[in-house]
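Novice: this is a predicted model, with the sequence first.
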Amino acid sequence: MKLYNTATKQLEEVKPIQPPKVSVYSCGPTVYDYPHIGNWFTFIRYDVLVRALKASGFQPDWVMNITDVGHLTSDADEGEDKLEKGAKREGKSAWDIAKFYSDYFVQGLDRLNILRPSHLPKATDHIREQIDLIKTLEQKGYTYQISDGVYYDTSKFPDYGKMAHLDLAHLKEGARIAANPEKKNPVDFALWKFSPSGAKRDMEWDSPWGKGFPGWHLECSAMSIKYLGETLDIHAGGIDHIPVHHTNEIAQSEAATGKPFANIWVHMNHVTVDAEKIAKSTGNGITLEDIEAKGFSLEALRLLVLQSHYRTQAEFSWETLEAAQNRLKDLYAWADLRHQPNIDTMPSELDDLFGATRQSMQQDMANDLNAPAALISLGKLVSFMQQIPIPGVEGKYTDEILKFIDDLLGLKLDGRPDISDEQKQLLQERQKARLSEDWSKSDALRATLETQKLGIRDTSYGQQWYRL
Ligand SMILES: [Zn+2]
């Protein structure tokens, strides 16, 4: 399996340290509000990565963190803690906000059929590990203390900014009037921030340096080392994490362990709404509830995500979602062929086609997660079967191809229910009416079934139903 490694800008073979296990760490949500659609695109793309690894024979050990403290309103070290901000907004404690939105997030994973990571560690449950990591960095001479916290001295880490190709000289020029003049270098970042004097935070802990809370970047280094070891096979995240968050994760981890932090970096591109990057600030904070309220399914959202490559900007609009919903209906109609009553044998030609489709979909996904190409491979099979058409292909069809596609793409095509016995009865009556050329009865029965959201196609094999 090959992935586009954003650290080297190359397609690289996945070569795990302990095959077949592949360690995958992905940066998760900051739980201070409802995730918007851009966040969910990224989380679905993580799921696509993990499913593709499985299809290629690996055993992914996937960890996604939950940030419930320390992420300030700027990704650097300025502004308010997002959790404290959420607490003020809702008149609750930061702890209540963290609990509510992390529970909501985990439910969202299930609603979107995103596989459960092996661990979903929370920053607040790993304060000790984060303090230990700062101690290690302190012993190795990478830290210094100023009035508002303990900082990482980026000038001590020669490769700082390498992945992001940061122009440090230029950054230093531009940041002359930096918000924090006590920092030695403008790109230095907080490992531990002190609680403001005279004010009590909801979330604060004692540390060797004083009462406070960990810097946002620190949790990912501490928790990935704890759960997955010092070098990750794959680190995934949003593309916006490259210049600050991931750059700082690398600096912390590699300074502490002396080992490469991640062998492959996978970065998910942005989603645009009406050509604007989705962000709360632009008022485009569309939630899963907004999508359902407009009558769309969350499977349609997943299909929309799959239609774009993770490295390109995806475009979200209600029109693109509607198109995805229609495409999904076609896939459902195809999956429902397994319940059609008329034919119980599968032509060998189709058997071959199933095998070829499986192989090309698996290869598409193994080639840098090319989900749009995998959907085209699937589409060819679907349109072939719609043209024949071959109803009632039980057995292999049921057990293998649908399960394979669901494992790979998570579209829930397998396990769709059959129609009811009453509906089967109505179909039989209509069949009889047609044989006796009672067209008005046949039409009346079609109309009845349509009120039950069931359409009928008359084919050379007899009637075929599909869900409207
Ligand atoms: Zn992270």
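Specialist: Ah, there it is.
Novice: Three-state assignment for residue 87, please.
Specialist: Following DSSP: H, G, I helix; E, B strand; the rest coil, the label given to residue 87 is helix.
Novice: what of residue 413?
Specialist: Residue 413 falls in the coil class when you classify it by three-state DSSP.
Novice: residues from this protein in reach of the ion?
Specialist: Within reach of the ion by C-beta under 5 Å from the ion, the chain has these residues: 27, 220. Just so you know, the C-beta spots here come from the backbone N, C-alpha and C atoms, and that holds for glycine as well.
Novice: show me the chain divided up by domain.
Specialist: 2-268, 288-409, 421-467 (automatic domain parsing).
Novice: mean pLDDT lowest for which of these?
Specialist: Here the domains of the chain differ in mean pLDDT, and the lowest is domain 288-409 at a mean of 85.
Novice: how about whichever residue of the stretch 1-150 of the chain sits closest to the ion, what does it touch?
Specialist: Proximity of the stretch 1-150 of the chain to the ion (C-beta to the ion) peaks at residue 27, 3.3 Å away. Residue 27 makes contact with 64-65, 220, 236-238, 241, 245-246, according to C-beta atoms under 8 Å, 6 or more residues apart in numbering.
Novice: and the nearest residue to residue 21 once chain neighbours are set aside, how far is that from residue 304?
Specialist: Excluding the flanking residues, the one nearest residue 21 by C-beta to C-beta, 6 or more residues apart in numbering is residue 59, at 5.0 Å. For residue 59, the distance to residue 304 equals 29 Å [C-beta to C-beta, to the nearest Å].
Novice: burial of the residue of the stretch 301-450 of the chain found nearest the ion, as a residue count?
Specialist: Going by C-beta to the ion, the ion is nearest to residue 310 of the stretch 301-450 of the chain, at 17.1 Å. Using other C-beta atoms under 10 Å, residue 310 has 26 neighbouring residues.
Novice: can you verify my assumption that it contacts residue 266?
Specialist: Yes. Using C-beta atoms under 8 Å, residue 310 is in contact with residue 266, at 7.5 Å.
Novice: anything in contact with each of those two?
Specialist: With C-beta under 8 Å, 6+ apart, residue 310 and residue 266 have common neighbours residue 49.
Novice: what is the neighbour count of the residue in the stretch 151-300 of the chain that the ion sits nearest to?
Specialist: Nearest residue of the stretch 151-300 of the chain to the ion (C-beta to the ion) works out as residue 220 at 3.2 Å. For residue 220, the neighbour count with other C-beta under 10 Å is 28.
Novice: next: residue 337.
Specialist: Other residues lying near residue 337 total 21 when counted by other C-beta under 10 Å.
Novice: how close does it get to residue 297?
Specialist: Going from residue 337 to residue 297 by C-beta to C-beta gives 20 Å.
Novice: then residue 452?
Specialist: Residue 452 is 19 Å from residue 297, by C-beta to C-beta.
Novice: spell out, range by range, the strands that occur in the stretch 151-300 of the chain.
Specialist: 189-194, 212-214, 232-238, 262-268, 271-273, 276-277 (DSSP state E, counting those that start in this stretch).
Novice: picking that back up, report the contact partners of the residue of the stretch 151-300 of the chain closest to the ion.
Specialist: For residue 220, the contact set (C-beta under 8 Å, 6+ apart) comprises 25, 27, 65, 245, 249.
Novice: related to what we said a few turns ago, assign the residue of the stretch 301-450 of the chain closest to the ion to helix, strand or coil.
Specialist: Counting by three-state DSSP, the backbone at residue 310 sits in coil.
Novice: contacts only, for it.
Specialist: Counting by C-beta under 8 Å, 6+ apart, residue 310 touches 45, 48-49, 266, 268-269, 369, 371.
Novice: over to residue 330?
Specialist: With C-beta under 8 Å, 6+ apart, residue 330 has these contacts: 382, 386.
Novice: phi, psi of the residue of the stretch 301-450 of the chain closest to the ion?
Specialist: Dihedral pair for residue 310: phi -60, psi -20, per degrees, to the nearest 10.
Novice: again with residue 29
Specialist: Torsion angles at residue 29 (phi, psi; degrees, to the nearest 10) stand at phi -80, psi 160.
Novice: what about it, neighbour count?
Specialist: The burial count for residue 29: 25, using other C-beta under 10 Å.
Novice: can you check residue 318 too?
Specialist: Residues near residue 318, counting by other C-beta under 10 Å, number 13.
Novice: thought residue 294 was touching it, still the case?
Specialist: Yes. At 6.7 Å, residue 318 counts as touching residue 294 under the criterion of C-beta under 8 Å.
Novice: coming back round to it: between the contacts of residue 27, which sits nearest residue 185?
Specialist: Comparing the contacts of residue 27 against residue 185 with C-beta to C-beta picks out residue 245 as the nearest, at 17.2 Å.
Novice: list the contacts of that closest one.
Specialist: Residues near residue 245 by C-beta under 8 Å, 6+ apart: 27, 75, 216-217, 220, 237.
Novice: got the contact list for the helix or strand containing residue 84?
Specialist: Assigned by DSSP states H and E, residue 84 falls within helix 82-90. Outside of helix 82-90, the residues within contact range by C-beta under 8 Å, 6+ apart are 30-33, 68-69, 71-73, 93-94, 96-98, 101, 201-203.
Novice: let's see 7 Å
Specialist: With contact meaning C-beta atoms under 7 Å, 6 or more residues apart in numbering, helix 82-90 is reached by 30, 32-33, 68-69, 71-73, 93-94, 97-98, 201-203.
Novice: ditto for stretch 200-214
Specialist: Counting by C-beta under 7 Å, 6+ apart, 69-70, 83-84, 87, 93-95, 123-124, 127, 130-131, 145, 149-150, 192-195 sit against stretch 200-214.
Novice: CA atoms only for it, dumped as CSV, please.
Specialist: What follows is stretch 200-214, C-alpha atoms only, in CSV (Å, rounded to 0.1, in the frame of the first residue of the first chain):
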residue,chain,number,x,y,z
LYS,A,200,-9.2,30.5,39.1
ARG,A,201,-9.5,28.3,36.0
ASP,A,202,-12.0,25.4,35.9
MET,A,203,-9.1,23.2,34.7
GLU,A,204,-5.7,23.6,36.3
TRP,A,205,-3.1,21.3,37.8
ASP,A,206,0.0,21.6,40.0
SER,A,207,3.3,21.1,38.3
PRO,A,208,7.0,21.5,39.2
TRP,A,209,6.8,24.9,37.5
GLY,A,210,3.6,26.2,39.0
LYS,A,211,-0.2,25.8,38.7
GLY,A,212,-1.5,25.7,35.2
PHE,A,213,-2.4,23.6,32.2
PRO,A,214,-0.5,21.9,29.3
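Novice: and that stretch, how far out from the chain middle?
Specialist: Centroid separation between stretch 200-214 and its chain, computed with C-alpha atoms, centre = their mean, to the nearest Å, is 32 Å.
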